[in-house]
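Chemist: kindly generate the corresponding structure for this input.
(one chain, ligands or ions: 1)
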Amino acid sequence: MRPQHVSSRPSRRPGLAAAFGLSCAALALAGPVTAAMAQMAPYPAPMRDPAPQPSPPPQTGPRTLDIILIDVPGGEFLMGNPLGAADEPTYWTRVGPFRIMRNEVSNREFGAFIETTGRVTDPERAGGGYVFIDGNWVFVQGASWRTPHGPGSTVERLADHPVVQVSQSDAEAYCRWAGLRLPREQEWEFAARGTDGRKYPWGNEPPLLAGQPIRANIGQPACCAPSTADGYLYTWPTGVFSAGASPFGALDMAGNVWEWTATPFEGQTGRVVMRGGGWASDPDGVRVTIRHANPTDIGLDMVGFRCTGDAPNQGGRTLFRPTAPPAQQQRR
Ligand SMILES: [Ca+2]
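Modeler: Residues are numbered from 1 along each chain as shown. As a prediction, the model looks like this:
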């Protein structure tokens, strides 16, 4: 089994060492969840989103998809977090206008891609994928996007949940099929936080706060184990919980699933950057500047993706018909 994560990195916050030092970003987590963690005080009871956006209506078949793209104007902003981990340095950068999916790619959408193209995903070729079990990443034979946590698990009732157990290569193939591409890391961060240096997509308040709507699907207060405090142990339906929206309206950019980007991770050959944290990340692990490196050819049950496009200012809902002639595939 190949290691699928970077090793622990030093924390600048001793009090959060367990949560942060292990990149608690939660992908990299190493140690098991301890009894002390299990005994930590639970989150306060937040309100459920008072006005959730409805899930997309069921499709009549897998060959027609509505892909909601958000126009992002581009601009100059300060990347990173001076109080964050060592690999979150701050630097000014500029991104041009681009478009990004409002939601993480769902099982329904990915299923349409598979049905149309016949692609065999990397985890299927490998015979399995990585499953987060009791605080450790374990390679599980038979884990795939259809059986994300291994044999016996299913996505049968998770059509609107984000697809997981897809490699970065699988994600890139999906985006190409949709006439799009994976976001560059800078684009991802800009879409998630805008220009004001906020900590989370919605601002600086934590994801779960008493009296506030639930903003993200995350894990326990201390790294790293799933939690149902937000109503979901693993993934939740993407695009529903609007209180977690970014300044541009992108949803679920914190928590739910980590998201592949197109950007190689500096100093780590063969690995690319993932962003956003996932369902077992602690609150610090879903900050918009958290970074993680993973090989491009493995799948994990806490990692999904969303796609980006170059064409600006043609936003709104895009009707995508993958079976149409190539020249008409994308109607904008
Ligand atoms: Ca959760």
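Chemist: all contacts plus neighbour counts: C-alpha atoms, from now on.
Modeler: Noted.
Chemist: name the residues of the stretch 201-332 of the chain found near the ion, please.
Modeler: Residues of the stretch 201-332 of the chain lying close to the ion (Cα under 5 Å from the ion) are 217, 218, 227, 228, 232, 233.
Chemist: and for the third one, nearest residue in space, chain neighbours not counted?
Modeler: For residue 227, the nearest residue in space outside its immediate sequence neighbours is residue 219; the separation is 4.5 Å by Cα to Cα, 6 or more residues apart in numbering.
Chemist: my read: that neighbour touches residue 285, true?
Modeler: No - at 9.3 Å, residue 219 does not count as touching residue 285 under the criterion of Cα atoms under 8 Å.
Chemist: what's the overlap in contacts for those two?
Modeler: Shared contacts of residue 219 and residue 285 (Cα atoms under 8 Å, 6 or more residues apart in numbering): residue 278.
Chemist: one step back: dump the residues of the stretch 201-332 of the chain next to the ion to TSV, plus secondary structure and pLDDT.
Modeler: Conversion of these to TSV gives the following (DSSP: H, G, I helix; E, B strand; the rest coil; pLDDT from 0 to 100):
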residue	secondary structure	pLDDT
217	strand	97
218	coil	97
227	coil	96
228	coil	96
232	coil	96
233	coil	97
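Chemist: can you select the buried ones from these in PyMOL?
Modeler: Here is the PyMOL command that selects only those of these that count as buried (16 or more other Cα atoms under 10 Å):
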select buried, resi 217+218+227+232+233
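Chemist: burial of the residue nearest to residue 227, as a residue count?
Modeler: Burial measure for residue 219: 29 neighbouring residues, criterion other Cα atoms under 10 Å.
Chemist: which ones are touching it?
Modeler: Counting by Cα under 8 Å, 6+ apart, residue 219 touches 225, 226, 227, 228, 233, 278, 279, 280, 281, 282, 283.
Chemist: tell me the two of those residues that are most distant?
Modeler: The largest distance within the contacts of residue 219, taken as Cα to Cα, falls between 233 and 283 and amounts to 15.0 Å.
Chemist: correct me if wrong: residue 249 contacts residue 69.
Modeler: No - shown here, residue 249 and residue 69 do not form a contact pair, counting by Cα under 8 Å, at 10.0 Å.
Chemist: overlap in contacts, these two.
Modeler: What both residue 249 and residue 69 touch, as defined by Cα under 8 Å, 6+ apart, is the set residue 102.
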